[in-house]
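**Student:** Please find the sequence and the predicted model below.
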Amino acid sequence: MESREIPRPKIPSLDPTEINWDKLDKTKLYVVGAGLFSGVTVALYPVSVIKTRMQVATGDAVQKNAFAAFRNILKADGIPGLYRGFGTVITGAVPARIIFLTTLEKTKVASFELVKPLKLSEPVQAAIANGIAGLTASLFSQAVFVPIDVVSQKLMVQGYSGHANYNGGLDVARKILGAQGIRGFYRGFGLSVMTYSPSSAVWWASYGSSQRIIWSLLGHGNESKSLPSSGQIVSVQAAGGIFAGAIASCITTPIDTIKTRLQVMPVNNQKRLRARQVVKRLIEEDGWKGFYRGLGPRFFSMSAWGTSMIVSYEYLKRLCSKTDEI
């Protein structure tokens, strides 16, 4: 009698929480997702402003901690000061996220297929596939994201620590174009790629593997036939987001500090510094700890954004699934 191998049930992190790209209503995903992620951006944007101010501060403007920077922004500009450059970011974020999410999901599926023959453990497979997907998605979205980042960061620090004032995002864009041409919008592009692409790879790799490890610790491993509750699913996703944000922020903050300083230089500065000179100046001003200026806000931002984003995104995928059986 011929024996047949009975397939083992999948880890619940793949079913029901994992929904493949081909099962999603793309139009609904993009439209609903734009509104959902815009809401998250509104909530967390002030943290980005505080982080940027801390990274570019020089001399007496250097803040000892994020709370001091927050208090000074409120004192000088009120609540609007926490949303400098927000209009520019929210406008450019929609196409950037469409590119990112599309590339992420399609690459993730392909990457899982590539690592299957290696017979690795599921957490390792998830780390590799998610890491490749996060890296690729970030690389593709940088073409849109970097110009938005350059303009918005100039607005974030305008009038602060010697930086120029502008009349909105269009004024910044016009002055950059007039002084430096198109390449002015890609100031720090290499460092941006070096910051966000590895950060995205580390974040998604950490998230993918930590999720499966947590499920295993909770008893929902390959041999488990029980399904997690919706509360457990959200909790595991949130925990994975916090863990991923902590790792990614610690690894990439030094590069992010250098990139930010390069991007906020005056557009008419005839002696624009190179990355090596920025590094030297940071060391002279504050020693090696200067590279970790804004680490607290960056850690909070990446963890809070990552957790909010991933929980919202997983919910969004369920909401936009073409099938009722998830």
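**Tutor:** All right, it came through fine. Numbers count the residues shown, from 1 in each chain.

**Student:** What are the contacting residues of stretch 185-199?
**Tutor:** The contact list for stretch 185-199 (Cβ atoms under 8 Å, 6 or more residues apart in numbering) reads 135, 138-139, 142, 145-147, 149-151, 173, 176-177, 180, 248-249, 251-252, 255-256, 258-260, 262-263, 265, 275, 302. To be clear about C-beta, it is placed using only N, CA and C from the backbone, and glycine gets the same treatment.

**Student:** Buried residues, that stretch. List them.
**Tutor:** By neighbour count on 16 or more other Cβ atoms under 10 Å, the buried set for stretch 185-199 is 185-189, 191-199.

**Student:** so of these, which ones are in strands?
**Tutor:** Using DSSP state E, no member of the buried residues of stretch 185-199 falls in strands.

**Student:** With distance to Ala205 and pLDDT added, can I get these in CSV?
**Tutor:** Listed next are the buried residues of stretch 185-199 as CSV, based on distance: Cβ to Cβ, whole Å; pLDDT from 0 to 100:
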residue, distance to Ala205, pLDDT
Phe185, 30, 86
Tyr186, 27, 85
Arg187, 29, 78
Gly188, 24, 73
Phe189, 23, 82
Leu191, 21, 74
Ser192, 20, 77
Val193, 17, 81
Met194, 17, 76
Thr195, 16, 73
Tyr196, 14, 78
Ser197, 12, 84
Pro198, 10, 82
Ser199, 11, 82
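
**Student:** quick one: which two of those are the most distant?
**Tutor:** Phe185 and Pro198 (22.2 Å; Cβ to Cβ).

**Student:** And stretch 93-112, how far out from the chain middle?
**Tutor:** 13 Å (Cα atoms, centre = their mean, to the nearest Å).

**Student:** And that stretch, what's buried?
**Tutor:** If you call a residue buried by 16+ other Cβ under 10 Å, then stretch 93-112 has these buried ones: 93-94, 96-105, 107-108, 111-112.

**Student:** Stretch 229-241 now?
**Tutor:** 232-234, 236-238, 240-241.

**Student:** Any idea how far that stretch is from the middle of the chain?
**Tutor:** Centre-to-centre, stretch 229-241 and its host chain are 19 Å apart (Cα atoms, centre = their mean).

**Student:** Alpha carbons only: can I get it in CSV?
**Tutor:** Output of stretch 229-241 as CSV, limited to C-alpha atoms (Å, rounded to 0.1, in the frame of the first residue of the first chain):
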residue,chain,number,x,y,z
SER,A,229,-7.1,34.9,18.4
SER,A,230,-7.3,38.3,16.7
GLY,A,231,-5.9,39.9,19.9
GLN,A,232,-2.9,37.6,19.8
ILE,A,233,-2.3,38.3,16.1
VAL,A,234,-2.2,42.1,16.7
SER,A,235,-0.1,41.7,19.8
VAL,A,236,2.5,39.6,18.0
GLN,A,237,2.6,42.0,15.1
ALA,A,238,3.1,45.0,17.4
ALA,A,239,5.8,43.2,19.3
GLY,A,240,7.6,42.4,16.1
GLY,A,241,7.3,46.0,15.0
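
**Student:** that older thread, output the buried residues of stretch 229-241 in CSV; the columns should cover secondary structure, pLDDT and distance to Pro297.
**Tutor:** Below are the buried residues of stretch 229-241 laid out as CSV (DSSP: H, G, I helix; E, B strand; the rest coil; pLDDT from 0 to 100; distance: Cβ to Cβ, whole Å):
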residue, secondary structure, pLDDT, distance to Pro297
Gln232, helix, 82, 30
Ile233, helix, 82, 29
Val234, helix, 83, 25
Val236, helix, 85, 26
Gln237, helix, 84, 23
Ala238, helix, 85, 20
Gly240, helix, 85, 21
Gly241, helix, 84, 17
